[in-house]
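K.L.:
Got a sequence here, can you build the structure:
(2 chains)
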Amino acid sequence: DAGVIQSPRHEVTEMGQEVTLRCKPISGHNSLFWYRQTMMRGLELLIYFNNNVPIDDSGMPEDRFSAKMPNASFSTLKIQPSEPRDSAVYFCASSFFAGGTYSNQPQHFGDGTRLSIL
Amino acid sequence: DAKTTQPNSMESNEEEPVHLPCNHSTISGTDYIHWYRQLPSQGPEYVIHGLTSNVNNRMASLAIAEDRKSSTLILHRATLRDAAVYYCILIVQGNTGKLIFGQGTTLQVKP
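P.N.:
Model prediction:
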């Protein structure tokens, strides 16, 4: 079975450019999460969706970051304009939420996008 | 969310059992205990989870103390591929899906 697919795997761009990261969740999963990992802050949740609707975006660092999920099989995380401090590995994860609680549902992660802003 | 405490690092020899401890003294009665691991240059990988009873799956076993204030992830025979950072995470009942990752335990496996 295909896992969570992220693209690109690596992105190097100059400060000020727009960056778009893409994620395809596991088929049948209805929840999608975007995380960021840096040496200083570790892994932190940015935003998550349930049934394509953003539920909690409290982790999004600032207005330069936006995320969309136009359908159940695709999500994007966009940074505009990008800054060097946005350099990190960005992970997408998906899960199946059957109602009631997330507390016993595992999340499945992609291999991440390594973003470098020069 | 309740806090967990793990050792920063541990070492093991290949083909020997490994016991990775996690303290969670402020756990509440409905918090689930989850373990994830992250191999180098990969995304986190779900390992196992439990509530009160010990749990086994193909990857590992989870032993939960009777008072639930601590738990232990058991790898029965460590392989070189098990070298990773292991995260113990508590998830509150009714949680919104947020995984809060601490620093985890870096496991080194020696041949």
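
K.L.:
drop to CA atoms for contacts and neighbour counts, all remaining ones
P.N.:
Will do.

K.L.:
dump the residue contacts of residue 71.
P.N.:
Just going to use chain A. residue A:52 (Cα atoms under 8 Å, 6 or more residues apart in numbering or on different chains).

K.L.:
ah, I was thinking of chain B
P.N.:
Per Cα under 8 Å, 6+ apart, neighbours of residue B:71: B:21-24, B:62-65.

K.L.:
Hmm, residue A:82 is touching residue A:17, no?
P.N.:
Yes: using Cα atoms under 8 Å, residue A:82 makes contact with residue A:17 at a distance of 5.6 Å.

K.L.:
More neighbours: which of those two?
P.N.:
residue A:82 (21 against 13; other Cα atoms under 10 Å in any protein chain shown).

K.L.:
nearest spatial neighbour of that one, skipping sequence neighbours?
P.N.:
residue A:16 (4.9 Å; Cα to Cα, 6 or more residues apart in numbering or on different chains).

K.L.:
pretty sure that neighbour is in contact with residue A:85, am I right?
P.N.:
No: between residue A:16 and residue A:85 no contact is recorded; they are 11.7 Å apart, counting by Cα under 8 Å.

K.L.:
Could you list the low-confidence segments of the chain?
P.N.:
Went with chain A since none was named. A:1, A:99-103 (pLDDT under 70).

K.L.:
Oops, wrong one, chain B.
P.N.:
Those would be B:1-2, B:93-97, if you go by pLDDT under 70 across chain B.

K.L.:
just the strands in it please.
P.N.:
B:9-13, B:18-23, B:32-38, B:45-50, B:55-56, B:61-64, B:70-75, B:84-91, B:105-110 (DSSP state E).

K.L.:
What lies in contact with the second one?
P.N.:
Read that as strand B:18-23. B:4-7, B:12, B:69-78, B:88, B:105.

K.L.:
With the third one instead?
P.N.:
Applying Cα under 8 Å, 6+ apart, the contact partners of strand B:32-38 are A:103-104, B:44-51, B:73, B:84-93.

K.L.:
And it, what's buried?
P.N.:
B:32-38 (16 or more other Cα atoms under 10 Å in any protein chain shown).

K.L.:
quick one, helices of chain A?
P.N.:
Remark: no helices are assigned in chain A by DSSP state H.

K.L.:
which residue is nearest the middle of it?
P.N.:
For chain A, residue A:34 is the residue whose C-alpha lies nearest the centre (Cα atoms, centre = their mean; 2.6 Å).

K.L.:
ok, the residue nearest to that residue when sequence neighbours are not counted - contacts?
P.N.:
Leaving aside its chain neighbours, residue A:34 sits nearest to residue A:92 (4.6 Å; criterion: Cα to Cα, 6+ apart). Going by Cα under 8 Å, 6+ apart, residue A:92 touches A:4, A:6, A:23, A:25, A:32-35, A:109-110, A:112.

K.L.:
Recalculate using a threshold of 6 Å.
P.N.:
A:33-34, A:109-110 (Cα atoms under 6 Å, 6 or more residues apart in numbering or on different chains).

K.L.:
Please narrow the residues you listed to those residing in strands.
P.N.:
Short answer: the contacts of residue A:92 in strands (DSSP E) are A:33-34, A:109.

K.L.:
Good, wrapping up.
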